[in-house]
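Visitor: Next input, structure requested:
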Amino acid sequence: MSNEAIDHAVSDKAANCRAYHSLCYALASISLSEDLWEVACVCASEFEPGVFGVLTDPKHDGARRGSLPEGVAFTARRAGRRVLFCFDAQDDGLLRRVAKGVAEKDGMAFKTICVMVTRSFQEMNRRRQVKAADQWPRGFFVCFEELRYKCQEINPAAYRELCAPMTAAPREEGEGSRPHAFAAEVLRNVRVGKEGSNHYKLRFRASELQDVIPGQFVMMDTRPGKRPACTRSIAWRKLKSSPQPAPESYLKRPFGIHRAFYPHFDPGYLKRLRLLPELAPIVHTVLPHEFDILYKVIERGLGTHELTRLEEGDKVKMIGPLGRRFDLRQLRTEGVEEVHVIGGGVGMAPLVFMVQALRFFAFDVKAFIGIESVDLLKQGGDLARSYMEHWKNAYVYVDDLGAAGLTAKDISASCDKLKPGGVQTIRGVRFHEGLVSEQYRAYLERRKEKPRAMAFACGPWAMLKAVAEIAEEHDVPLKVLMETRMACGIGVCLSCVCKTKAKDGQEQYTRVCTDGPIFDASEIVWTETPD
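Guide: Got it, this is the predicted structure:
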């Protein structure tokens with residue numbers, strides 16, 4: 001190939017790249033215009049002039065850029081907030097400096113955020129890996145396919161002038177969504193509540209779990225390391241006369257994720273992040289790297305007693321993520337505006353992770369907590385530092401939900417019995433004596449405005465049954481997270497079945513681990529209590 005032909009090919013490639021950038025800019029402009037955001041090019045050399053209606057003028061680049069760092073292609077502004085868009089084809093070092101500079105200047109106010117537009121799902125998922133987090137610190141991602149689909153959804157007529165129609169939303173679970181067997185590193189394991197409390201919170205690190213989504217769970221060993229194996233035979237007479245070994249558990253236990261933590265994002269970042277409702281479902285962060293589970297020690301529960309002995313640095317075997325995936329982003333396309341979460345006891349624990357996702361996707365969330373006693377919520381020790389504010393006097397659930405962006409007016413709390421003269425209010429959340437299901441009923445009956453809502457509930461069977469009846473009375477679709485005993489977690493042992501109704505009305509037994517744990521409340525046969 002001659003030098004002239006090579007120059008021509010390079011020129012064509014560069015022009016195609018600029019045309020692609022112009023298309024991305026046009027798609028984003030249409031999507032953002034619905035919320036009255038002002039979109040502007042700040043680097044004319046990134047775009048092909050006149051293509052897809054993009055008008056650029058290199059003379060104005062300096063004025064438009066202002067104090068913006070080099071590498072920003074276009075911006076969106078509204079009410080003191082800015083979104084800076086970059087393209088993944090730019091130099092990695094330049095991209096890192098853009099995100100790092102914005103993070104250092106903005107702190108965790110999130111008045112300015114960086115969004116990287118990637119060419120594909122695969123490229124976006126590669127850059128979202130925890131090991132790549134330092135290359136785009138505190139930054140966000142959106143891929144081209146999702147940007148196209150969202151634009152088509154918002155303004156079909158304008159979209160048809162730019163692209164061919166898309167027949168389905170681009171959703172790829174990817175390789176990482178498959179269950180893995182792995183060893184997680186224990187970071188902390190502390191008691192929740194006053195001395196003598198039987199509630200604990202355990203934090204661990206596991207890169208294999210970075211694709212877990214709300215509603216999924218892990219099967220977790222209750223002891224660290226490898227269990228000793230019997231390698232030699234022992235005569236019966238010796239075994240009979242020898243001291244009996246202490247009992248120990250051999251099956252893993254199922255646990256839902258309580259909270260997830262992300263590199264370069266402080267635990268309370270959702271208090272300040274305000275993503276656009278239209279774009280929030282297609283914007284992504286780096287994947288999580290640390291997780292909390294909250295567990296209750298059962299009086300005669302061998303496994304949960306073993307869990308309390310786990311220490312920092314222990315390696316614990318797990319399998320996950322398990323359970324059917326339920327994409328909360330799809331609720332936007334169904335017109336849902338408000339989501340209710342109702343948790344009873346430790347059933348509230350996995351709902352906190354769900355609230356994290358719902359708040360990221362810009363839903364209005366109302367939470368209803370049901371507990372035995374306010375004293376069970378008091379969180380001490382180093383783990384309380386994860387709440388950022390009030391860490392010396394933190395309360396599990398209340399401060400967890402606060403870190404996820406909920407305010408006191410968004411939270412209702414109920415106790416079995418309030419102590420006279422005891423704590424009645426925490427962070428502005430007033431605790432009421434009685435059942436959480438009745439608190440939920442009272443909320444539904446007194447609300448004046450009725451945005452389209454749906455609900456999620458998790459907790460004891462009696463509570464779920466009561467909430468299902470209340471939700472049905474008020475025409476609120478309800479999903480329940482079923483909690484039951486499990487032996488394998490992968491659908492083989494059939495120990496976790498519950499009775500459900502098939503589409504033809506026939507009753508059947510359904511596996512909670514693989515067909516759930518999230519079910520429509522209308523599918524459950526509430527007259528039969530699972531073992």
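Visitor: the helices in the stretch 401-531 of the chain, which residues?
Guide: Secondary structure of the stretch 401-531 of the chain, counting by DSSP state H, counting those that start in this stretch: helices at 436-446, 461-473, 512-515.
Visitor: Kindly report the same for the stretch 51-200 of the chain.
Guide: 61-65, 92-106, 121-127, 144-154, 156-160.
Visitor: Run through the chain and note the low-pLDDT ranges.
Guide: Under the criterion of pLDDT under 70, the regions of the chain flagged as low confidence span 1-12, 55-66, 169-177, 226-249, 380-393, 421-423, 530-531.
Visitor: Tell me how it divides into domains.
Guide: When the chain is parsed into structural domains using automatic domain parsing, the resulting residue ranges are 3-160, 255-523.
Visitor: In a markdown table, list the ones you listed along with mean neighbour count and distance to Asn189.
Guide: The C-beta positions use only the backbone N, C-alpha and C, and glycine is treated the same way. Shown next, in a markdown table, are these (neighbours: other CB atoms under 10 Å; distance: least, CB to CB, whole Å):
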| stretch | mean neighbour count | distance to Asn189 |
| --- | --- | --- |
| domain 3-160 | 17 | 22 |
| domain 255-523 | 19 | 5 |
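Visitor: Between the ones you listed, which one is closest to Val218.
Guide: domain 255-523 (3.4 Å; CB to CB).
Visitor: gap between the two ends of that closest one?
Guide: One end of domain 255-523 to the other measures 23 Å (CA to CA, to the nearest Å).
Visitor: In CSV, list the helices of the stretch 51-200 of the chain along with distance to Val467.
Guide: Rendered in CSV, the data for the helices of the stretch 51-200 of the chain read as follows (distance: least, CB to CB, whole Å):
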stretch, distance to Val467
helix 61-65, 53
helix 92-106, 41
helix 121-127, 36
helix 144-154, 32
helix 156-160, 38
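Visitor: picking that back up, possible to save the domains of the chain as TSV with distance to Phe217?
Guide: Supplementary listing: these in TSV, determined by distance: least, CB to CB, whole Å:
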stretch	distance to Phe217
domain 3-160	21
domain 255-523	5
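Visitor: So for His199, which of those domains sits nearest?
Guide: In this view, those are compared for proximity to His199 by CB to CB, and domain 255-523 is the closest at 5.4 Å.
Visitor: one step back: would you mind saying which of the domains of the chain lies nearest Ala183?
Guide: Within these, the stretch nearest Ala183 is domain 255-523; the backing value is 4.3 Å (CB to CB).
Visitor: List the residues that contact the closest residue to Glu123 other than its chain neighbours.
Guide: Take Glu123 and drop its neighbours on the chain: the residue closest to it by CB to CB, 6 or more residues apart in numbering is Asp88, 6.0 Å away. Under the criterion of CB atoms under 8 Å, 6 or more residues apart in numbering, the contact partners of Asp88 comprise Leu95, Met116, Val117, Thr118, Arg119, Glu123, Arg127.
Visitor: Could you work out the most separated pair of these?
Guide: Every pair of the contacts of Asp88 checked by CB to CB; the farthest is Leu95 and Arg119, at 13.9 Å.
Visitor: Against Lys315, how distant is Glu306?
Guide: Using CB to CB, to the nearest Å, one gets 15 Å for the distance from Glu306 to Lys315.
Visitor: can the helices of the stretch 401-531 of the chain go into JSON lines with extra columns for distance to Phe326?
Guide: Shown next, in JSON lines, are those (distance: least, CB to CB, whole Å):
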{"stretch": "helix 436-446", "distance to Phe326": "21"}
{"stretch": "helix 461-473", "distance to Phe326": "17"}
{"stretch": "helix 512-515", "distance to Phe326": "12"}
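Visitor: So which of these is nearest Val51?
Guide: Proximity of those to Val51 was assessed by CB to CB; the nearest stretch is helix 512-515, lying at 48.6 Å.
Visitor: Residues contacting the closest one, please?
Guide: Surrounding helix 512-515, the residues in contact under the criterion CB under 8 Å, 6+ apart are 254, 322-324, 482, 484, 486, 488-491, 496-498.
Visitor: For it, C-alpha coordinates in CSV please.
Guide: Listed next in CSV are the C-alpha coordinates belonging to helix 512-515 (Å, rounded to 0.1, in the frame of the first residue of the first chain):
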residue,chain,number,x,y,z
VAL,A,512,-36.5,-20.6,46.2
CYS,A,513,-32.8,-20.8,45.4
THR,A,514,-33.0,-20.9,41.6
ASP,A,515,-36.5,-19.7,40.7
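Visitor: related to what we said a few turns ago, list just the nearest of the contacts of Asp88 to Leu147.
Guide: Checking those against Leu147 by CB to CB gives Val117 as the nearest, at 7.0 Å.
Visitor: What residues does the closest one make contact with?
Guide: For Val117, the residues meeting the contact criterion (CB under 8 Å, 6+ apart) are Cys24, Ala28, Phe85, Cys86, Phe87, Asp88, Val142, Cys143, Phe144, Leu147.
Visitor: what's in contact with stretch 424-435?
Guide: Stretch 424-435 is contacted from outside by 370, 374, 377, 390, 395, 398-399, 402, 407-409, 411-418, 423, 439, 463, 466, using CB under 8 Å, 6+ apart.
Visitor: how about the CA coordinates for it, as PDB?
Guide: What follows is stretch 424-435, C-alpha atoms only, in PDB (Å, rounded to 0.1, in the frame of the first residue of the first chain):
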ATOM      1  CA  GLN A 424     -38.100   6.900  70.700                       C
ATOM      2  CA  THR A 425     -36.500   8.800  67.800                       C
ATOM      3  CA  ILE A 426     -33.200   8.200  65.900                       C
ATOM      4  CA  ARG A 427     -32.000  10.700  63.300                       C
ATOM      5  CA  GLY A 428     -35.600  12.100  63.100                       C
ATOM      6  CA  VAL A 429     -37.100   8.700  62.500                       C
ATOM      7  CA  ARG A 430     -39.800   8.100  65.100                       C
ATOM      8  CA  PHE A 431     -40.300   4.500  66.300                       C
ATOM      9  CA  HIS A 432     -43.800   3.200  66.900                       C
ATOM     10  CA  GLU A 433     -45.000   0.300  68.900                       C
ATOM     11  CA  GLY A 434     -46.700  -2.400  66.900                       C
ATOM     12  CA  LEU A 435     -46.300  -4.300  63.600                       C
END
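Visitor: residue closest to the middle of this structure?
Guide: Most central residue of the chain, judged by C-alpha distance to the mean C-alpha position with CA atoms, centre = their mean, is Ala357 at 3.8 Å.
Visitor: ok, now how distant is Pro224 from Asp314?
Guide: 4 Å.
Visitor: shared neighbours of these two, anything?
Guide: Contact criterion CB under 8 Å, 6+ apart; residues shared by Pro224 and Asp314: Val186.
Visitor: ok so, going back, quick check: which of the domains of the chain is nearest to Leu187?
Guide: Between Leu187 and these, the shortest separation by CB to CB is 6.2 Å, and it involves domain 255-523.
Visitor: picking up where we left off before, next step: the contacts of helix 512-515 restricted to strands.
Guide: Within the contacts of helix 512-515, residues falling in strands by DSSP state E are Pro254, Leu322, Val497, Cys498.
Visitor: The first one contacts Ala487, correct?
Guide: Okay, so that is Pro254. No: between Pro254 and Ala487 no contact is recorded; they are 9.6 Å apart, counting by CB atoms under 8 Å.
Visitor: Give me the phi and psi for Pro451.
Guide: Recorded main-chain torsions at Pro451 are phi -60, psi 160, according to degrees, to the nearest 10.
Visitor: Keep only those of the contacts of stretch 424-435 that are in strands.
Guide: Members of the contacts of stretch 424-435 lying in strands (criterion: DSSP E): Gly370, Tyr395, Ile411, Ser412, Ala413, Ser414, Cys415.
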